[in-house]
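Undergrad: Got a sequence here, can you build the structure:
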Amino acid sequence: MFHGNAQWRHIRDTSPSEWADVIEFDAAIRQGNARANASGSRLLGEAFLHRSRVPLSQAPIDHVTAAERAALSIGADEADDLENSIVDGCSPWACRRDADALAQDVLGPAA
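TA: Next comes the predicted model:
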C-alpha cells in the first residue's frame, strides 16, 4: 500500500534522516531482488514507493489531492463533531438524531 502525499510530506518535513532512509530504500527496490517472492523469482518491471511510479525523490508529493482538500475544508469543530458526537442527518438506511430527541420519541415527552 502506498503512502499518500501528505504522509510523504510529513516524513520529509519532520524527519530528514527518515526521509533519507526512505529515498535510499526506494532506489534500492527499483529492480527488486533475487528473493523477491516465495519462489525466489525476480520482480517483473520496476517497484516504486509512490503511486506515480517515479522515484520518491522526484514524485509530486507537494501536490495536494482532492481528498486532502476536502479534509482541510471542514473546520476543527465540525471534524470533532463528526468524530465524537451524534450528528443529525439521514442516510438511505437510517437517521441520526440528537440523543434527547430520540429519548423523547421512544419514552414519550420528557417530564
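Undergrad: what distance separates the start and the end of stretch 54-62?
TA: By CA to CA, to the nearest Å, the extent of stretch 54-62 from end to end equals 14 Å.
Undergrad: contact partners of it?
TA: Residues from elsewhere that reach stretch 54-62 (CB atoms under 8 Å, 6 or more residues apart in numbering): 5, 8-9, 12, 22-23, 26-27, 30, 48-50, 52. Where C-beta positions appear, they are placed from N, C-alpha and C, glycine not excepted.
Undergrad: Pull the most distant pair out of these.
TA: Arg9 and Arg30 (22.1 Å; CB to CB).
Undergrad: so Ala47 touches Ala27, yeah?
TA: No: using CB atoms under 8 Å, Ala47 is not in contact with Ala27, being 10.5 Å away.
Undergrad: what is the rounded mean pLDDT of the longest helix out of those in the chain?
TA: Secondary structure of the chain per DSSP state H: the longest helix is helix 16-28. The average pLDDT for helix 16-28 rounds to 92.
Undergrad: quick one: least confident helix or strand in the chain?
TA: Every helix and strand in the chain was compared by mean pLDDT, DSSP states H and E; the lowest is helix 99-107, with a mean of 52.
Undergrad: sorry, back to before: between the contacts of stretch 54-62, which sits nearest Ala66?
TA: Asn5 (11.2 Å).
Undergrad: Could you measure from the closest residue to Leu49 other than its chain neighbours over to Arg69?
TA: Leaving aside its chain neighbours, Leu49 sits nearest to Asp26 (4.6 Å; criterion: CB to CB, 6 or more residues apart in numbering). Separation of Asp26 from Arg69 (CB to CB, to the nearest Å) stands at 26 Å.
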